[in-house]
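Enquirer: Need coordinates for the following:
(chains A and B)
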Amino acid sequence: MSIPIADHVREIPKSGIRDFFEIVQSMADVISLGIGEPDFVTPWHIREAAIYSLEKGRTGYTSNLGLPRLRRAISDTVQKATGVRYDPNGEILVSVGVSEAIDIALRAILNPGDEVLYHEPCYVSYNPSVALAFGVARAIPTNAEDHFALRAEALEAAIGPRTKAVMLNFPTNPTGATLDRSQIEALAEVCIRHDLTVLTDEIYSELTYDAREHFSIVSLPGMKERTIYLHGLSKAYAMTGFRIGYACGPNEVIEAMMKIHQYSILCASIMSQDAAIEALERGEPAMLRMRREYELRRNYIVSSLNEMGLECFMPRGAFYVFPKITSTGLTSQEFSMNLLREKRVAVVPGTAFGKSGEGHVRCSYATGLDQIKIAMERIREFCEEARRQRTRSAA
Amino acid sequence: MEPLAKRAERGHHSPLSMDALIDLLRHNPLMPREDLARLLGLTVDEVNARVAELERDGVILGYQTVINRDKWNPDTVTAVIEVKITPERDGGFDRIASRISKFDEVQSCYLMSGGYDLLVLVEAENLRQVATFVAEKLSTIEAVVSTATRFRLKTYKENGAFHHFDTAPERLSVSP
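Expert: Purely as a prediction, here's the structure:
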């Protein structure tokens, strides 16, 4: 006798990253470029604020929506970044990481069978989150030639009679893709014309390089009322373990999300919220220092990979590069497994982020330069050996 | 030729790469030029030229090594001396400060706001040497009104480098 598992849960495949993680865990001396979180420890003044919070005995629940002061800080931050003003009382909800915000946003807006479009390769949770909300997730493949941007024509072609929403994530995990303002305008025009709701996950927005400003779709006229803007502190402030995300949106959506949030989560941890206030109010200099460090490493890793024949474009955001590995004659899975076994370097197969990730691997540069240097050397050797073997077996 | 910093402001060099270059060198002057070039998106020749300019313009005054004092000559004495001086009609504090700075024992010398005028960092082989320096050299300068000497007991952080390191926190080896 066993406890039966719900059909819609059983049908969700196990994350490809998880299998890979198990193997890496079992090996010693692995240099990992497979990590999707900052290698920096949270800046000290933010950690110190969390300690102070505990010291003061701030250990209880907060308002379901989050501490009012944090919501005000979020409102100011979002307004500065997008030009859009969200009312801290009713248009902002503090969540446990962006992951929770995505989950409750989808559950709040989807009726069973409603369709949600998302661009792929993408973050691993989008498809399952839609399925868990009884929606139907449909991937729109993007490709290296477009630098993994989502084209408005591709979006429009994918829209069907039951399409309710589209999920955007620029800068993108795992590709580092970003969109120009004109590309975003074209997407917004399609969304308005087809009356789509937009969930925009902008968790990497501060990590935009080459002195370019991130541009959000919510900044465009006619978009605030149809957009759920999702963000958090994990990446820019190196606060993944604090689990603070937030959603900004029209009051009726935030109210609906709040219903789910209050019954399932209640509220995000108060000391994490206190730390988040410190980060948003005074964390910018530390954040900018980390951003510059990422940018330097990006330059290093992109030039190294291209030199060894693993083509990749210069990503303008996040902390990932997504090189093409087909010149080695290997699939993404083979490349990653062999590289791990032979050279003890972990990268994530592109297919972990959707079928359209085949032919690529994700390398994170949220790792110290000394480690990146060794990893690049080992990958170079690996590629040379793989190509030599390929030539030999062809002859 | 106008100073490099000025030209950087006017956009001749991207300010990011100039700031970043200086910070990289401050952190590790021994980083291979090849690595600096890759990080900054420049050629090695460009990096060499910029470093040479920074040195020539006096933006970079020198390169130093941070020594863990517990592990090398732990008996060396460091003192900070607060010095009150009477400024001169013509030279202000500068002439006296430069005179004090020229002693070999003096590692750093700063003009301060507040209750005293100069903060002097002195390094010597033992206490007696510091005492001799204060009594015979520093206090005897005519403009020096008073001194207050304090000795270093332990170093926790120096020039941005920690002496007692926390162990690196663990991260998952692969995560989405």
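
Enquirer: how near is B:Gly132 to chain A?
Expert: Check again: residue B:132 is Thr, not Gly. 40 Å (C-beta to the nearest C-beta, to the nearest Å). C-beta coordinates here come from the backbone N, C-alpha and C atoms, glycine included.

Enquirer: what secondary structure does that residue sit in?
Expert: helix (DSSP: H, G, I helix; E, B strand; the rest coil).

Enquirer: do A:Leu93 as well
Expert: strand.

Enquirer: right, and it touches A:Lys259 too?
Expert: No - taking C-beta atoms under 8 Å as the definition, A:Leu93 is not a contact partner of A:Lys259, at 10.7 Å.

Enquirer: more crowded one of those two?
Expert: Using other C-beta atoms under 10 Å in any protein chain shown, the more surrounded residue of A:Leu93 and A:Lys259 is A:Leu93, with 29 against 13.

Enquirer: can you pull the contacts of the more buried one?
Expert: A:64-66, A:101, A:246-247, A:254, A:257-258, A:261 (C-beta atoms under 8 Å, 6 or more residues apart in numbering or on different chains).

Enquirer: Sticking with A:Met167, tell me its helix or strand.
Expert: strand A:163-168 (DSSP states H and E).

Enquirer: That strand pairs with which strands, and in what direction?
Expert: Applying DSSP bridges to the sheet, strand A:163-168 is found paired with strand A:115-120 (parallel), strand A:197-201 (parallel).

Enquirer: tell me the average confidence for that strand?
Expert: Mean per-residue pLDDT for strand A:163-168: 98.

Enquirer: Check stretch A:49-61 too.
Expert: 97.

Enquirer: Now do the end-to-end distance for that stretch.
Expert: One end of stretch A:49-61 sits 18 Å from the other (C-alpha to C-alpha, to the nearest Å).

Enquirer: so who does the closest residue to A:Leu340 other than its chain neighbours touch?
Expert: Closest residue to A:Leu340 apart from its sequence neighbours, by C-beta to C-beta, 6 or more residues apart in numbering or on different chains: A:Ala346 at 5.5 Å. Contact analysis of A:Ala346 by C-beta under 8 Å, 6+ apart lists A:20, A:24, A:30-34, A:336, A:339-340, B:173-174.

Enquirer: what bridges to A:Ala346?
Expert: Going by DSSP bridges, A:Ala346 forms beta bridges with A:Ser32.

Enquirer: which stretch of helix or strand covers A:Phe170?
Expert: Using DSSP H and E, no helix or strand contains A:Phe170.

Enquirer: how about the residues of the stretch 251-395 of chain A that lie near chain B?
Expert: A:292, A:295-297, A:299-300, A:303-304, A:346, A:348, A:352, A:369, A:373 (C-beta under 8 Å from any C-beta of the partner chain).

Enquirer: Now intersect those with the helices, please.
Expert: A:292, A:295-297, A:299-300, A:303-304, A:369, A:373 (DSSP state H).

Enquirer: Excluding residues flanking it in the chain, which one is nearest the most centrally placed residue in chain B?
Expert: Closest residue to the average C-alpha location of chain B: B:Asn159 at 6.9 Å, with C-alpha atoms, centre = their mean. Leaving aside its sequence neighbours, B:Asn159 sits nearest to B:Val66 (C-beta to C-beta, 6+ apart; 5.3 Å).

Enquirer: Contact partners for that neighbour?
Expert: Per C-beta under 8 Å, 6+ apart, neighbours of B:Val66: B:158-159, B:161.

Enquirer: so which of those comes closest to chain A?
Expert: B:Ala161 (15.1 Å; C-beta to the nearest C-beta).

Enquirer: Run a quick neighbour tally on the closest one.
Expert: Neighbours around B:Ala161, by other C-beta under 10 Å: 12.

Enquirer: and it, backbone torsions?
Expert: Dihedral pair for B:Ala161: phi -110, psi 140, per degrees, to the nearest 10.

Enquirer: what sits against it?
Expert: B:Val66 are the contacts of B:Ala161 under C-beta under 8 Å, 6+ apart.

Enquirer: is it in a bridge, and if so with what?
Expert: The partner residues for B:Ala161, given DSSP bridges, come to B:Glu158.

Enquirer: does chain B sit close to stretch A:219-238?
Expert: No - on the criterion C-beta under 8 Å from any C-beta, stretch A:219-238 is out of touch with chain B, staying 10.9 Å away.

Enquirer: Could you pull up the mean pLDDT of that stretch?
Expert: Stretch A:219-238 comes out at a mean pLDDT of 98.

Enquirer: was I right about A:Thr62 contacting A:Gln273?
Expert: Yes - counting by C-beta under 8 Å, A:Gln273 is a contact partner of A:Thr62 at 6.1 Å.

Enquirer: These two: who's more crowded?
Expert: A:Gln273 (24 against 18).

Enquirer: what's that one sitting at in phi/psi?
Expert: The phi/psi pair for A:Gln273 (degrees, to the nearest 10) is phi -70, psi -40.

Enquirer: and if you look at B:Lys84?
Expert: According to degrees, to the nearest 10, B:Lys84 has phi -100, psi 130.

Enquirer: For chain A, see how far away it is.
Expert: 35 Å.

Enquirer: quick one on the thing from earlier: just the residues contacting the strand holding A:Met167, thanks.
Expert: By C-beta under 8 Å, 6+ apart, strand A:163-168 touches A:102, A:106, A:109-111, A:114-119, A:122, A:126, A:135, A:138, A:150, A:155, A:187, A:191, A:194, A:196-201, A:217.

Enquirer: Any buried residues in the next helix or strand after it, and which?
Expert: Using DSSP H and E, the helix or strand that follows strand A:163-168 towards the C-terminus is helix A:181-193. Neighbour-count burial for helix A:181-193, with 16 or more other C-beta atoms under 10 Å in any protein chain shown as criterion, is recorded at A:183-184, A:186-188, A:190-192.

Enquirer: Next, show the common contact partners of A:Thr62 and A:Gln273.
Expert: Contacts common to A:Thr62 and A:Gln273, judged by C-beta under 8 Å, 6+ apart, are A:Val94.

Enquirer: any chance of the contacts of A:Ala346 in TSV, plus distance to B:Lys84, secondary structure and neighbour count?
Expert: Listed next are the contacts of A:Ala346 as TSV, based on distance: C-beta to C-beta, whole Å; DSSP: H, G, I helix; E, B strand; the rest coil; neighbours: other C-beta atoms under 10 Å in any protein chain shown:
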residue	distance to B:Lys84	secondary structure	neighbour count
A:Phe20	66	helix	22
A:Val24	62	helix	19
A:Val30	60	coil	19
A:Ile31	56	strand	22
A:Ser32	57	strand	25
A:Leu33	57	coil	26
A:Gly34	60	coil	28
A:Ser336	67	helix	28
A:Leu339	66	helix	25
A:Leu340	66	helix	21
B:Ser173	58	coil	17
B:Val174	61	coil	27
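
Enquirer: Now for the residue of the stretch 251-395 of chain A at minimum distance from chain B, how many residues are close by?
Expert: In the stretch 251-395 of chain A, no residue comes nearer to chain B than A:Leu296, which is 4.1 Å away by C-beta to the nearest C-beta. By the measure other C-beta under 10 Å, the count of residues near A:Leu296 is 25.

Enquirer: what's it in contact with, if anything?
Expert: A:369, B:20, B:24, B:39-40.

Enquirer: for B:Pro87, same thing?
Expert: B:93, B:96, B:117, B:143.

Enquirer: dump the residue contacts of the residue nearest to A:Tyr126 when sequence neighbours are not counted.
Expert: Leaving out its chain neighbours, the residue that sits closest to A:Tyr126 by C-beta to C-beta, 6+ apart is A:Tyr118, at 4.8 Å. Applying C-beta under 8 Å, 6+ apart, we find A:Tyr118 in contact with A:126-127, A:130, A:137-140, A:166-169.

Enquirer: All set, thanks.
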